[in-house]
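Novice: sequence plus predicted model, see below.
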Amino acid sequence: MEFAQLVLGGVAGGCIYGLVALGFVLIYKATESVNFAQGDLMMLGAFVTFQFVNVSQWGMPFWVGVPLAVVVMAVVGYLMEALIIRRLFGQPQFAVVILTIAIGFVLRFIAGLIWGHEPLNLETPFAGKNLNFLGLAIGVDEVFVIGVTLVLTVALYIFFARTKLGMAMQASSQNQLAAYYMGVPVKRVHGLVWALSGGIATVAGVLFAARGSIDPNLGLLGIKAFAAAVIGGFGSLPGALAGGLIVGLAEPFAGRYLPAGYSQIAPYAIMLVVLVARPNGLFAQIQSKKV
Amino acid sequence: MRIHQKTSYDDDINLFEDRRQAFWYALLVAFAVALPFLISEYHLGEFINLLIWALAGMGLMVLAGHTGQASLGHAAFLACGAYMEAWLNGKGVPFLISLPLAGLFAGIVGAVIAIPALRMSGIYLAIATLAMGIVAEDVIVLLEPVTGGISGTYVGSINLFGLEIDRYANPTNFYWLCLAVVIIVTFGYANLLRSSTGRSLVAIRDSEVSARAMGINVERTKTLAFFLSCLVTGLAGGLMAHYIVSFNYEAFVITVSIQMLLMIVVGGMGSIHGAFFGAAVVAFLPQIITAIRQQITYTAVAGLDTGIFAALLVAIIIVEPMGVYGRWLKMKAWVQLFPLARRDMFRRQKSYLKTERMR
């Protein structure tokens, strides 16, 4: 029973890592740059939702506040790309890495200014409710987290594989110039990818807030999501989710069976092992060019 | 405008362009040596801070700026140096042996870490080093017998040939000690860049494939870069231990690593000057911000320093990707060429990104 409980908690936690990792992978897939501020976008998304939904703030109904927050954060993501990241268009990847790290710090500072540094709780309709299933106490929040993640992943997979915009995103990722020649408005596509990624970050933030409290340093969770993305292999959507699940499952089990002090290393240890053994991740997309 | 007529191949690799440049650097060193007589002890402490950060920055610069291998976990090597120095100091090892040993230890750890890191590049390397930096925090806590765990450790004063050097009792001596280390390392670094090893580092940064084609042993050179980088960072860690006296793992958390990288980007990637300019920003910006804030309000604002530093960095990357030093070079060129400078002189060629997934 304890085992099943750990698995459930791990899967729910893993889904959140998976969603943040999905945000990284989306941007990486489409723009070939890594957004180190993804965790901070998630934090900001959670806070915006908090501002909309909580009774002490604006007190909107949950199902109105969340979509609104997703839209707001999508706009924030688009503006970030259009106003800042786009200026580095065509410069080395490394510059964007540094830039997004800095943006992450700025976002954390802004959130701290507005909402303070104390942990806050988002009011959700399913907080503290439990379902009984075969003697397992399943939190409604856990079911919610897992369900939303599944739906979102399938939707994104179809988006990238079937729709015109999804194909355009893939094309602009593989060769900007060639994509441009084929009539893809590369810059606008990049902006849309960032918007999408901002929206997903918000969903991840809400899911996280449904299971715990939020504070401006929440963004550091992004580092664990990195581990997830790397384990899955950057550039693979199912990989990101699988990586998230691996990290999510590793955490409660390491906490349960490893001595104190070793457990929090587990996700990174797995990631380092994967990096050494299969430097391109478990679901690698990198192919060697034949010369 | 000065015109250099080169009459031998040495002119290209001489340490100083000409006598005039050598004179200015000599003047700078003389000024640095005389500094304790010019300012108060409190401000001297800030300059010690600057020197240590500059040393750490130079360490990272070898790797990130000249070899093109971004490390987001360099605070781990700072910690290696600091704890080794504290431990050796506690055992009564003389400083002249313990500091190089601390650096060497960090360097060897770095070289060992380079072995898996050789297989990665770009973004993967950055994330791997980031993870390593986080793991290092926990390792420090776990190695309690040496590091003192969560409560941390303490490092005594330095005894150099009977001369007592302590950060609080006689900061002037400690300043000169740091200055000496920094000058030696800077001299060594400048010379490294003139050597074939230094040129092969830069070749690897610019294109690994062409470096290999030119006959450079990429694996060995990268490992060497890791070793040298971590060695210098370890030295900085050793000095930092004496500077902050008592410390625990919190002095080497992941944000310190990130700040180190941001520091050299602000200063200017790929130049020794950049490390110093970046260190100056890191050392003095908090003081300036506090001074300005106190004009407005006396209540402290949490995270103000990092927030402004990060915002400044965003501005610098967009406006001046080569950092403070890049701007300095442009202004110098403008003055030297006056009135002949053209606007497009430093224009960068636009490049289009191709995926790294197909290699």
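Specialist: Here it is on my side, so go on.

Novice: neighbours of B:Asp11, how many?
Specialist: B:Asp11 is flanked by 12 other residues according to other CB atoms under 10 Å in any protein chain shown. The C-beta positions use only the backbone N, C-alpha and C, and glycine is treated the same way.

Novice: Three-state assignment for the nearest residue to it once chain neighbours are set aside, please.
Specialist: Distances taken as CB to CB, 6 or more residues apart in numbering or on different chains put B:His4 closest to B:Asp11, at 7.0 Å, once the chain neighbours are dropped. Under DSSP: H, G, I helix; E, B strand; the rest coil, B:His4 falls in the coil class.

Novice: what helices or strands is the helix or strand encompassing A:Gly104 leaning on?
Specialist: Element membership for A:Gly104 (DSSP states H and E) is helix A:93-115. Here helix A:93-115 touches helix A:38-53, helix B:122-142, helix B:254-267, helix B:304-319, going by 3 or more CB pairs under 8 Å, 6 or more residues apart in numbering or on different chains; DSSP states H and E.

Novice: sort out which residues of that helix are buried, please.
Specialist: A:93-112, A:115 (16 or more other CB atoms under 10 Å in any protein chain shown).

Novice: could you check the angle helix B:122-142 makes with that helix?
Specialist: For helix A:93-115 against helix B:122-142, the angle by axes from the mean of the first three to the mean of the last three CA atoms, to 10 degrees is 60 degrees.

Novice: A strand includes B:Ala302, no?
Specialist: No. Assessed with three-state DSSP, B:Ala302 is coil; it does not lie in a strand.

Novice: is it correct that it is in contact with A:Ala111?
Specialist: No. Using CB atoms under 8 Å as the test, B:Ala302 is too far from A:Ala111 to be in contact (11.2 Å).

Novice: quick check, pLDDT for B:Leu44.
Specialist: We have a pLDDT of 90 for B:Leu44.

Novice: got the buried residues for the helix or strand where it lies?
Specialist: Following DSSP H and E, one finds B:Leu44 within helix B:41-60. Buried residues in helix B:41-60, counted by 16+ other CB under 10 Å: B:44-45, B:47-60.

Novice: tell me which stretches of chain A form strands.
Specialist: Secondary structure of chain A (DSSP state E): strands at A:130-133, A:136-139.

Novice: right, and these - which one's nearest chain B?
Specialist: The closest of these to chain B is strand A:136-139. By CB to the nearest CB, the value is 28.7 Å.

Novice: how far away is the residue of chain A found nearest chain B from A:Trp63?
Specialist: Relative to chain B, the nearest point of chain A is A:Phe109 (2.9 Å; CB to the nearest CB). If you measure A:Phe109 against A:Trp63 using CB to CB, to the nearest Å, the figure is 31 Å.

Novice: please apply the same query to B:Leu228.
Specialist: The gap separating B:Leu228 from A:Trp63 is 58 Å, by CB to CB.

Novice: please say which of the two ends up with more neighbours.
Specialist: Of the pair B:Leu228 and A:Trp63, B:Leu228 is the one with more neighbours under other CB under 10 Å, namely 25 against 10.

Novice: in contact with the more buried one, which residues?
Specialist: By CB atoms under 8 Å, 6 or more residues apart in numbering or on different chains, the contact list for B:Leu228 reads B:Val62, B:Gly107, B:Leu192.

Novice: okay, and the last one sits in which element?
Specialist: Secondary structure assigned from DSSP H and E places B:Leu192 in helix B:171-194.

Novice: give me the angle between that helix and helix B:41-60.
Specialist: Using the same axes, to 10 degrees: helix B:171-194 against helix B:41-60 is 20 degrees.

Novice: other SSEs contacting the helix or strand just after helix B:171-194?
Specialist: Next helix or strand after helix B:171-194 toward the C-terminus (DSSP H and E): helix B:196-206. Applying 3+ CB pairs under 8 Å, 6+ apart, we find helix B:196-206 packed against helix B:171-194, helix B:208-213, helix B:218-244.

Novice: average pLDDT for helix B:196-206?
Specialist: 91.

Novice: then stretch B:312-325?
Specialist: On average, the pLDDT along stretch B:312-325 is 86.

Novice: return the set of buried residues in it.
Specialist: By neighbour count on 16+ other CB under 10 Å, the buried set for stretch B:312-325 is B:Leu312, B:Leu313, B:Val314, B:Ile316, B:Ile317, B:Glu320, B:Pro321, B:Met322, B:Gly323, B:Val324, B:Tyr325.

Novice: can you name the two of those residues that sit furthest apart?
Specialist: B:Val314 and B:Tyr325 (18.2 Å; CB to CB).

Novice: returning to that earlier point: need the helices and strands packed on helix A:93-115 in TSV with distance to A:Ala201, can you?
Specialist: Output for the helices and strands packed on helix A:93-115, formatted as TSV (distance: least, CB to CB, whole Å):
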stretch	distance to A:Ala201
helix A:38-53	4
helix B:122-142	18
helix B:254-267	20
helix B:304-319	19
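
Novice: any idea which of those is most buried?
Specialist: Mean neighbours per residue, mean count of other CB atoms under 10 Å in any protein chain shown, is largest over those for helix A:38-53, with a mean of 27.

Novice: for the residue nearest to A:Thr124 when sequence neighbours are not counted, what are its contacts?
Specialist: Nearest residue to A:Thr124 in three dimensions, chain neighbours excluded: A:Ala210, at 4.7 Å (CB to CB, 6+ apart). Neighbour list for A:Ala210: A:Leu122, A:Thr124, A:Phe126, A:Ala127, A:Asp141, A:Phe144, A:Val145 [criterion: CB under 8 Å, 6+ apart].

Novice: need the pLDDT of residue 224.
Specialist: I'll assume chain A. Predicted confidence (pLDDT) for A:Lys224: 84.

Novice: oops, wrong one, chain B.
Specialist: Looking at B:Leu224, the pLDDT reads 95.

Novice: how many neighbours does the closest residue to it other than its chain neighbours have?
Specialist: Excluding its sequence neighbours, the residue lying closest to B:Leu224 (CB to CB, 6+ apart) is B:Thr197, at 6.9 Å. Using other CB under 10 Å, B:Thr197 has 15 other residues around it.

Novice: so how far is chain A from B:Thr197?
Specialist: Using CB to the nearest CB, to the nearest Å, we find B:Thr197 at a distance of 23 Å from chain A.

Novice: next, give phi and psi for the residue lying closest to B:Ser246 once chain neighbours are set aside.
Specialist: Of all residues not flanking B:Ser246 in the chain, B:Tyr154 sits nearest, at 4.5 Å (CB to CB, 6+ apart). Note on B:Tyr154: its backbone torsions stand at phi -130, psi 140 [degrees, to the nearest 10].

Novice: residue of chain B nearest chain A, please.
Specialist: Distances between chain B and chain A by CB to the nearest CB are smallest at B:Gly307, namely 2.9 Å.

Novice: what sits up against the worst-scoring helix or strand of chain A on mean pLDDT?
Specialist: Within chain A, judged by mean pLDDT, DSSP states H and E, the helix or strand with the poorest mean is strand A:130-133; its value is a mean of 70. For strand A:130-133, contacts defined as CB under 8 Å, 6+ apart pick out A:Ala137, A:Ile138, A:Gly139, A:Val140, A:Val143.

Novice: tally of neighbours for the fourth one?
Specialist: Think A:Val140. A:Val140 has 16 nearby residues by other CB under 10 Å.

Novice: what's the answer for the first one, then?
Specialist: Burial of A:Ala137 is recorded as 12 neighbouring residues (other CB under 10 Å).

Novice: list the beta-bridge partners for it.
Specialist: A:Asn132 (DSSP bridges).

Novice: could you report the distance from the closest residue to A:Leu22 other than its chain neighbours to A:Ala229?
Specialist: Spatial nearest neighbour of A:Leu22, excluding adjacent residues (CB to CB, 6+ apart): A:Ala240 at 4.9 Å. Distance of A:Ala240 to A:Ala229, computed by CB to CB: 5 Å.
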